[in-house]
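Participant: Pasting the sequence and the predicted coordinates here, then a few questions.
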Amino acid sequence: MGNNYEEKLQQETLRFANRAGFVPLPPIFNYWMRTHIVPRFEKVFGKRSLFDLYIDRIAQLAKQRAKFNRNAIVFSIAAGACPVEINLAERLKKAGITNVTFIASDLSDKQLLRAEKQVV
């Protein structure tokens, strides 16, 4: 790997270092999602979004783990500033599920620090 790997790692870290949250998508994306993807996703999974699918599975795991006085652990790879993880944690908390631990990893320490500032 040598130098090439280190260069690529540095490029990727710098590329995402100053991004806060999601990259804005064009309006056609929302139309396309509502018209084509969401109906199919709902037909297959019975849910309208990945968030709903994640929430159900994490909540189920948390309830199982609570029987043993344990937390459910969710490990997120390439989490960035953790917008998805923070959203899931907030939704779980609103549902009364508090025995979930999120562990986030990312190449960018700056992104993880942004996430930490949002939740601390």
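Facilitator: Alright, I've got the coordinates.
Participant: all contacts plus neighbour counts: C-alpha atoms, from now on.
Facilitator: Noted.
Participant: Where do the strands of this structure begin and end?
Facilitator: Secondary structure of the chain (DSSP state E): strands located at 72-77, 100-105.
Participant: In terms of secondary structure, what does the last one contact?
Facilitator: Other helices and strands packing on strand 100-105, by 3 or more C-alpha pairs under 8 Å, 6 or more residues apart in numbering; DSSP states H and E, are strand 72-77.
Participant: I would like the residues contacting the strand it packs on, please.
Facilitator: If you take C-alpha atoms under 8 Å, 6 or more residues apart in numbering as the criterion, strand 72-77 is touched by 58, 61-62, 65, 85, 99-106.
Participant: and if you look at stretch 42-50?
Facilitator: Outside stretch 42-50, the residues that touch it by C-alpha under 8 Å, 6+ apart are 38-39, 41, 53.
Participant: Could I have the buried ones of these as ChimeraX selection syntax?
Facilitator: Entered in ChimeraX, the line below selects the buried ones among the contacts of stretch 42-50, by 16 or more other C-alpha atoms under 10 Å:
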select :38
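Participant: which two in the contacts of stretch 42-50 are spaced the farthest apart?
Facilitator: Spatial extent of the contacts of stretch 42-50 (C-alpha to C-alpha) is set by the pair Pro39 and Leu53 at 14.4 Å.
Participant: For the most centrally placed residue in the chain, give me its contacts.
Facilitator: Nearest to the geometric centre of the chain sits Val84, at 3.1 Å (C-alpha atoms, centre = their mean). By C-alpha under 8 Å, 6+ apart, Val84 lies in contact with nothing.
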